[in-house]
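Colleague: My questions are about this predicted structure, shown below with the sequence.
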Amino acid sequence: MHFTGRTWRPPYESQSVILQATSGCTHNKCTFCSLHKNEKSRLSPMDEFEKDLAEIKNYQPNARRVFLTGANPFAMSYENLKLRALTVREYLIKCQSIAMFASIRDIKNKEVWQLNKLRAMGINGLSIGTESGDDATLSRANKGYTADDILEQCRKLDEASIEYYFVYMTGLAGKGNGQHDEFNKMIKW
Ligand code: SF4
């Protein structure tokens with residue numbers, strides 16, 4: 001298998017087959033994150049991708065869910081994602097879903113009809129590190145999107161019936177700035 005750089009997956013993907021499609025992060029600018037700091041973002045060449053699929057097919061021919069690694073494989077173009085999804089299904093004929101990490105930024109350049117097609121090809125289950133829904137916090141963390149962007153882009157996923165999971169970073173807003181503290185202030189009698 002061609003794993004380069006740091007490879008990780010969410011805990012709920014522990015039963016999924018792990019396949020490298022990208023490595024590193026195309027953004028790599030979030031102020032709190034050093035996960036891929038010293039890695040260049042890279043797209044796995046198709047021959048490498050297919051060699052890994054052939055190897056997986058030898059050991060897990062009945063694999064039903066594949067998780068593509070890299071900080072945000074969903075940054076790939078529609079055409080490239082389509083090619084990857086179809087290739088996965090060529091090798092793993094029982095595969096039902098292809099999940100991956102994605103950023104809100106990566107959804108922006110995809111139309112709903114394209115998302116619909118990707119869903120039909122098996123792409124489903126995006127793990128999105130939204131981190132916060134507060135504009136000031138998102139800006140300070142340099143996430144590259146706003147709270148409105150989160151709503152707008154996730155509505156597109158809803159329309160295409162693509163499931164997604166949010167990852168929030170508790171405490172990112174800083175001491176005293178969390179919703180909980182605000183709520184506490186509000187309910188102080
Ligand atoms: S998008 Fe994710 S992996 Fe990339 S820098 Fe931000 S938190 Fe780190």
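Modeller: That came in fine, so what should we check first?

Colleague: What parts of this protein come near the ligand?
Modeller: Within the chain, the positions near the ligand by CB under 6 Å from any ligand atom are 25, 27-30, 33, 35-36, 71, 103, 129. C-beta here means a position set from N, CA and C on the backbone, and glycine is covered the same way.

Colleague: Including pLDDT, could these go into a markdown table?
Modeller: As requested, the residues of the chain next to the ligand are exported to a markdown table (pLDDT from 0 to 100):
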| residue | pLDDT |
| --- | --- |
| 25 | 95 |
| 27 | 95 |
| 28 | 94 |
| 29 | 94 |
| 30 | 95 |
| 33 | 93 |
| 35 | 90 |
| 36 | 90 |
| 71 | 94 |
| 103 | 97 |
| 129 | 95 |
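
Colleague: and which of those residues is nearest residue 5?
Modeller: In terms of CB to CB, no member of those lies closer to residue 5 than residue 36, at 6.7 Å.

Colleague: Just give me the longest strand of the chain.
Modeller: strand 123-131 (DSSP state E).

Colleague: Give the pairing partners of that strand; include direction for each.
Modeller: Strand 123-131 sits in its sheet next to strand 97-102 (parallel), strand 164-168 (parallel), going by DSSP bridges.

Colleague: Pick the most buried one from these.
Modeller: strand 97-102 (a mean of 24; mean count of other CB atoms under 10 Å).

Colleague: Starting from that one, tell me the next helix or strand along the chain.
Modeller: Counting by DSSP states H and E, the next helix or strand C-terminal to strand 97-102 is helix 104-108.

Colleague: So for that following helix, mean pLDDT?
Modeller: Mean pLDDT, helix 104-108: 97.

Colleague: and the gap between the closest residue to residue 97 other than its chain neighbours and residue 60?
Modeller: Excluding the flanking residues, the one nearest residue 97 by CB to CB, 6 or more residues apart in numbering is residue 124, at 4.5 Å. Distance, residue 124 to residue 60, using CB to CB, to the nearest Å: 19 Å.

Colleague: Pairing partners for the residue nearest the centre of the chain in the sheet, please.
Modeller: In the chain, the centroid-proximal residue (CA atoms, centre = their mean) is residue 101; its distance is 1.5 Å. Per DSSP bridges, the residues bridged to residue 101 are residue 127.

Colleague: quick revisit: and the strands paired with strand 123-131, which one is worst for confidence?
Modeller: In terms of mean pLDDT, the lowest-scoring of the strands paired with strand 123-131 is strand 164-168 (a mean of 94).

Colleague: Contacts for it, please.
Modeller: With CB atoms under 8 Å, 6 or more residues apart in numbering as the test, strand 164-168 has contacts from 10, 12, 102, 125-132, 154, 157.

Colleague: now swap in stretch 143-155 and tell me
Modeller: Here stretch 143-155 has contacts from 27, 29-30, 103-105, 107-108, 128, 130-135, 138-139, 164, using CB under 8 Å, 6+ apart.
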